[in-house]
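Next input, structure requested:
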Amino acid sequence: MSLFKAREWWSTACGTDETFDIGCMLVACIGPEKQKDQRIVVGSHEGFIRVYQPNYDARGDGDDAGAENGFRPDDLLLEVQLEHPALQLMAGKLAHSSTDTCLAVLMPFQVTVFTISMAAGAVEHGTHYALNPVYSHRLKRSAFNMFSGFFGGSKNKELFSIQSLDGTLSFYEQENYSFSRFLPGYLIPGPILYVQKTDSVVTGTSSWTVEAYKYSSLAQGSDPNEKSSGDIGSGKRVYPDWTYNVGEVTLDIQQVTLPSGDVRLAVLAEHSLLILKEAGQPVLFKRLDYHPACLTTFVNDAGRLTTLVASHTSVGHVYEGGTLRWAAQLPFIPVCVGRLRLRQLSGLLALLSAGGQLVVAYLGTTPSLFVAPPVQTAGALDYEALDEELATLTAVIQRSQKQDETGLAAADANREDVQLVVQIHPVLDPCSLPTEVDQQVPCASIRALITPLAPVQSVVLSFDVVSPLVVVKPSAGIESLTTTTDIEAVVYLAQPHAVPSLELETVLSYLTSSGAPRVLRAVTRLPLALVARPADPVKDADHRVTVCTTRPSVNLAQLFSDLKLDAGMSSAAGIEYYTGCTVTILASKTSQRYRLQSDDFHALWLVTEELTRRIGAMYGETADEPICSFVSSLPLQDVFSEVDAHLMWRQRREQQLQQLEQRASQFRAIQRRLLTKYKDMTPSPLTNMDQLLEETYRRLMAQADSLSEEDRRLERSAAQLSCALRLLALLARLSQTLTPEEADLLTAALCWRRVPSQEQGWHETADCAAGYLHRALQQQTGRVAVSGAPLAMPDDTTKLKRHLALLLEKVLKAGARIGDSVNRTDAPADEPVADKDERPPSVHPISQMFTQRLGSARPRSGTRRPVSGASSSQRLHAPATGPPVPSGRGPPPTVAVEPPTPQLDRSRPTSADSVDAESRGATAPEPLVPGTQPETAAEQRDKADGAGGDVQHLHLHGLTGAGIEVPRDNLLDEPEEDFW
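Numbering: from 1, shown residues only. Below you'll find the model as predicted:
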């Protein structure tokens, strides 16, 4: 890394998404004006020709002049798009009908010579330029590069030649074609130029040599391998005048004339810089310890040869002869570099990157224009104020001396050097990027504004989203940041999977001026319209979630205004994901409840989160006064179904991977056998080993395709599992007064963001986390021990389900605080312990919830048995009884609970085990009414040995279901007319 940097004087971007190469920039005095200022001509592979005249008027100096040194609209004199890509630009007296310097543009099968004309306007900005074609030549061969000069000693006529990809040199006398010649021993083209002093053509060959050919020998010679034709001359064979062996691939060749009249050739190779005389004798050889990109050579004011070499590490090296005089950090890796002269300013560097970034810079340091103000001596000094200031500063110094290094480091870490602002465009555009979704999906534009408060280095910005969302250009790097920079990206739905999260995480890492690393993180929420669209509501669904609020019901069309719902969807709205799942939201007409239902359980997560978040934002929800709540039983059975399905796909992928390893081992064994037969001196029959190899290879590729398909299925299952777990954590948070810290701990233990890892999965990590939290909630004092056993994929999910069920039961009990249990070090001996049975009247043990709700799907037919003596509306609005509710939450909606009506699931096969399980599950439990706290056997065992004996009961009745299905929302059994 260089200690010095090239100071940027002027910069601009040449188009958007255009590419440039070594011959795409030209610095020359071109145009109709008789002026000494040089102009920059840039041509892209997309066919754009641009002429720039950097304006040096009103340019500031110093670090505060960055705003004035930028590009201005009048700096671009001309912009024209040609029909073909521009390979190389060249300037010279190439037209006999014009005395102005012309511009030659080389295209793949054409070369055109232009002149630049100017039409003056009434005001300064009215002047405009035009590119006028003079003549053009169609090429029979694909062109590579070209060069010009006064060939054959011509005095008033500048000629040019074109080198083709097949090694043909085609010479033109301006508007007229002259002849063509093949170079001997040609393989691939290289850099080429014309030396007027020796009247020879110098080129770099594929043999890693530099060769020179006299123009006279090229004009009179021929290639013996080619027959005479109309475009290839006939004569004696062409031989090089001299040859120099470089030993490396030649990247570029340039020439410069010294004040003495001698010509020097600067040859840039892959790892060396070589200076030759015009006759081929070496003058200087410099071994480079970096990979060069391009060079430019000139004679300095002292009359010495100076060479600037730009490297692939973005460093410019200035050599005077063979001595390194200066090294400066460049803003990027240039593909072209030139020396620019603008009247009083000489020695400017024009740099062009492969992406079209054009910068005019200079070497050295920026002089400071700061002048110290004169000392103010007028007036009497206020000695009392000075004494107070001295005492204040002395106290500050004493306090700073008492701080340790940790405090100073923490204070320095809290100082922000960069401000990061992430913006998402509110209008979504149609996505034209490749996606696996069958329907047309939108895309969202992201813009990150980075404002440095102090100079920073090595800035890296990264955008991260959860699959199946994908960010185009997810990261960007800036070597040095001194001004405000904006970085744009695009995010869209790439795969037809469930979307676990709409959060966009932006991470900015950088190095401060002192070299300390810093990281900034910003989380932004993407719009729901990126993954969903409005749809018709569906009346019947298999899965339901009911959310209660303490505020009146709102208009759904206004709540989801970004989705542009119909005006009639005020109380019933449908939201359809682009993956095909549909979620229906129903607002109760008589109560403050919202019902969300869908045929896919994982689809409820994103809409439920959006609903609760938007209602909370509308009414100003706080941690002390929550608005949304959930009073029904947690849908553990649906979550456990996703857990089982994900484990099944993991096991299937493991089997596919083992089969792939077996196929690969067999394939390698057959290869070794065949290699042994081929190496045998005595030929032996292959005994169909070649056919066996081919068949094994075919099966190996088929197995690899099967593994890829299993990966896609596993990713789809992981997305559904993540949605189900996030929904479970959300409902658990709404069911209990959890602090934000405790909700984050529970989410971190249950939820999961899948990473591409083949060693650890969600089942083993969640089992470890749930077991640790459960032990922390059970243990009253001391630090909780952490198991050091290695994690491995389990054979079944029985243990994991047991740990999750016990953890949630502990969490939903009053007084079981996750944060206090996890962060506990050692509790005093006389510290009071909360009673295990102390819980609010609306919170019930999960073991009882399992016995009330054993099925995983709500049957679409069947009857509900109401409680005798009470109507549905009376049950919904029954007054709460029992002990007072803790402050901070408010009284939750209380309802009477009726025992569920068991129904036998006829879809399962009849067996002794299933019939026995059904007979056990057919007995309905006793009704559980809020305000009463029955002491069950499960709770007694929980008090005795930590609920260890309740495992079998939970597994039989709460986890398997035993083929019995019951209505889903038995705690919210209200008429359908309240929602429809």
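
So, low pLDDT: which residues of the stretch 751-900 of the chain?
752-759, 779-785, 788, 813-900 (pLDDT under 70).

Which strands or helices does the helix or strand encompassing Leu806 pack on?
Using DSSP states H and E, Leu806 maps to helix 798-811. Counting contacts by 3 or more CB pairs under 8 Å, 6 or more residues apart in numbering; DSSP states H and E, helix 798-811 packs against helix 636-679, helix 740-750, helix 762-778, helix 846-852. C-beta: built from backbone N, CA, C; applies to glycine.

For those, please prepare TSV with the additional fields distance to Pro455.
As requested, the helices and strands packed on helix 798-811 are arranged in TSV below (distance: least, CB to CB, whole Å):
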stretch	distance to Pro455
helix 636-679	49
helix 740-750	36
helix 762-778	42
helix 846-852	57
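
so what secondary structure elements neighbour the longest helix along the chain?
Assignment by DSSP state H gives helix 689-735 as the longest helix of the chain. Contacts defined by 3+ CB pairs under 8 Å, 6+ apart place helix 689-735 against strand 543-549, helix 604-619, strand 628-629, helix 636-679, helix 740-750.

How are the helices of the stretch 101-250 of the chain distributed by residue range?
Ranges of helices in the stretch 101-250 of the chain, per DSSP state H, counting those that start in this stretch, are 215-220.

how close does the most far-flung residue of the chain relative to its centre get to Leu390?
The outermost residue of the chain relative to its centre, with distances by CA atoms, centre = their mean, is Ala380 at 63.0 Å. Distance check for Ala380 against Leu390: by CB to CB, to the nearest Å, it reads 18 Å.

In CSV, list the helices and strands packed on helix 798-811 along with mean neighbour count and distance to Leu606.
Shown next, in CSV, are the helices and strands packed on helix 798-811 (neighbours: other CB atoms under 10 Å; distance: least, CB to CB, whole Å):
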stretch, mean neighbour count, distance to Leu606
helix 636-679, 15, 15
helix 740-750, 18, 15
helix 762-778, 20, 19
helix 846-852, 22, 25
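
Select, out of these, the one closest to Pro54.
Minimum separation from Pro54 across the helices and strands packed on helix 798-811 (CB to CB) falls at helix 740-750, 54.6 Å.

Against which helices or strands is that closest one packed?
Counting contacts by 3+ CB pairs under 8 Å, 6+ apart, helix 740-750 is packed against helix 689-735, helix 762-778, helix 798-811, helix 818-822.

now the ones you listed as TSV including distance to Gly338?
Output for the helices and strands packed on helix 740-750, formatted as TSV (distance: least, CB to CB, whole Å):
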stretch	distance to Gly338
helix 689-735	50
helix 762-778	58
helix 798-811	67
helix 818-822	64
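
right, so those: which one is the most enclosed?
Among the helices and strands packed on helix 740-750, helix 798-811 has the highest mean neighbour count (mean count of other CB atoms under 10 Å), at a mean of 23.

how far off helix 636-679 does that helix point, in degrees?
150 degrees (axes from the mean of the first three to the mean of the last three CA atoms, to 10 degrees).

Can you list the low-confidence ranges for the stretch 1-150 of the chain?
1-3, 33-36, 56-69, 121-126.

typo on my end, it should be the stretch 501-650 of the chain
In the stretch 501-650 of the chain (pLDDT under 70), the answer is 623.

next one: the stretch 351-500 of the chain
365-379, 402-415.

try it again with 90
362-386, 395-420, 423-442, 444, 447, 450-458, 465-469, 472-488, 493-500 (pLDDT under 90).

I'd like the helices and strands packed on helix 689-735 written out as TSV, with distance to Glu488 added.
Listed next are the helices and strands packed on helix 689-735 as TSV, based on distance: least, CB to CB, whole Å:
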stretch	distance to Glu488
strand 543-549	37
helix 604-619	26
strand 628-629	36
helix 636-679	36
helix 740-750	31
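
The ones you listed: which one's closest to Val42?
Proximity to Val42, assessed across those by CB to CB, is greatest for helix 604-619 (48.2 Å).

Give the buried residues for that closest one.
By neighbour count on 16 or more other CB atoms under 10 Å, the buried set for helix 604-619 is 604-612, 614-616, 619.

can you list the domains in the protein?
Per the TED database, the structural domains of the chain span 5-56+71-223+238-364, 415-528, 544-630, 636-679+688-782+793-813.

Give me whichever of these is most buried.
With neighbours defined as mean count of other CB under 10 Å, those peak in mean count at domain 544-630, which reaches a mean of 19.

how much distance is there from that domain to the middle of the chain?
How far domain 544-630 lies from its chain's middle: 31 Å, per CA atoms, centre = their mean, to the nearest Å.

Kindly report the same for stretch 293-303.
Distance of stretch 293-303 from the chain centroid (CA atoms, centre = their mean) equals 41 Å.

Need the mean per-residue confidence for that stretch.
Across stretch 293-303, pLDDT averages out at 90.

Alpha carbons of it, in PDB - could you do that?
Output in PDB follows, covering the C-alpha atoms of stretch 293-303 (Å, rounded to 0.1, in the frame of the first residue of the first chain):
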ATOM      1  CA  ALA A 293      -1.800  -3.400 -16.100                       C
ATOM      2  CA  CYS A 294      -0.800  -0.600 -18.500                       C
ATOM      3  CA  LEU A 295       1.800   2.100 -19.000                       C
ATOM      4  CA  THR A 296       2.600   5.500 -20.500                       C
ATOM      5  CA  THR A 297       6.000   7.000 -21.300                       C
ATOM      6  CA  PHE A 298       7.200  10.500 -21.800                       C
ATOM      7  CA  VAL A 299      10.100  12.900 -21.400                       C
ATOM      8  CA  ASN A 300      10.100  15.000 -18.300                       C
ATOM      9  CA  ASP A 301      11.300  18.600 -18.000                       C
ATOM     10  CA  ALA A 302      14.800  17.500 -17.300                       C
ATOM     11  CA  GLY A 303      14.900  15.600 -20.700                       C
END
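
Residues contacting it, please?
22, 251-252, 254-259, 264, 266, 268, 273, 305-312, 320, 333-339 (CB atoms under 8 Å, 6 or more residues apart in numbering).

mind listing which of those are in strands?
Counting by DSSP state E, the contacts of stretch 293-303 place 251-252, 254-257, 264, 266, 268, 273, 305-311, 320, 334-339 in strands.

Quick one: mean pLDDT over the longest helix of the chain.
Averaging pLDDT along helix 689-735 gives 86.

Then stretch 163-180?
The average pLDDT for stretch 163-180 rounds to 90.

Can you give me the end-to-end span of that stretch?
One end of stretch 163-180 to the other measures 10 Å (CA to CA, to the nearest Å).

mind checking how far the residue lying closest to Asp438 once chain neighbours are set aside is from Thr99?
Excluding the flanking residues, the one nearest Asp438 by CB to CB, 6 or more residues apart in numbering is Pro496, at 7.2 Å. Pro496 is 67 Å from Thr99, where distance means CB to CB.

try Phe298
Here the criterion is CB to CB. By it, Phe298 lies 26 Å from Thr99.

same question, Leu165
Distance, Leu165 to Thr99, by CB to CB: 34 Å.

Same check on Asp705?
Asp705 is 69 Å from Thr99, by CB to CB.

One more: Val41?
Per CB to CB, Val41 is found 19 Å from Thr99.

I'd say Leu692 and Ile670 touch.
Yes - using CB atoms under 8 Å, Leu692 makes contact with Ile670 at a distance of 5.8 Å.

Need the three-state assignment for the nearest residue to Gly477 once chain neighbours are set aside.
Of all residues not flanking Gly477 in the chain, Val460 sits nearest, at 5.1 Å (CB to CB, 6+ apart). Following DSSP: H, G, I helix; E, B strand; the rest coil, the label given to Val460 is strand.

what sits against Val460?
By CB under 8 Å, 6+ apart, the contact list for Val460 reads Ser475, Ala476, Gly477, Ile478, Leu508, Ser509, Tyr510.

which residues pair with Leu449 across the strands?
Here Leu449 sits in beta bridges with Val421, Asp486, going by DSSP bridges.

does it really touch Val418, like I thought?
No - using CB under 8 Å, Leu449 is not in contact with Val418, being 10.5 Å away.

On the three-state scheme, the residue lying closest to Gly43 once chain neighbours are set aside is what?
Once flanking residues are discounted, Gly43 sits nearest to Ala86: 3.2 Å by CB to CB, 6+ apart. Following three-state DSSP, we place Ala86 in the coil state.
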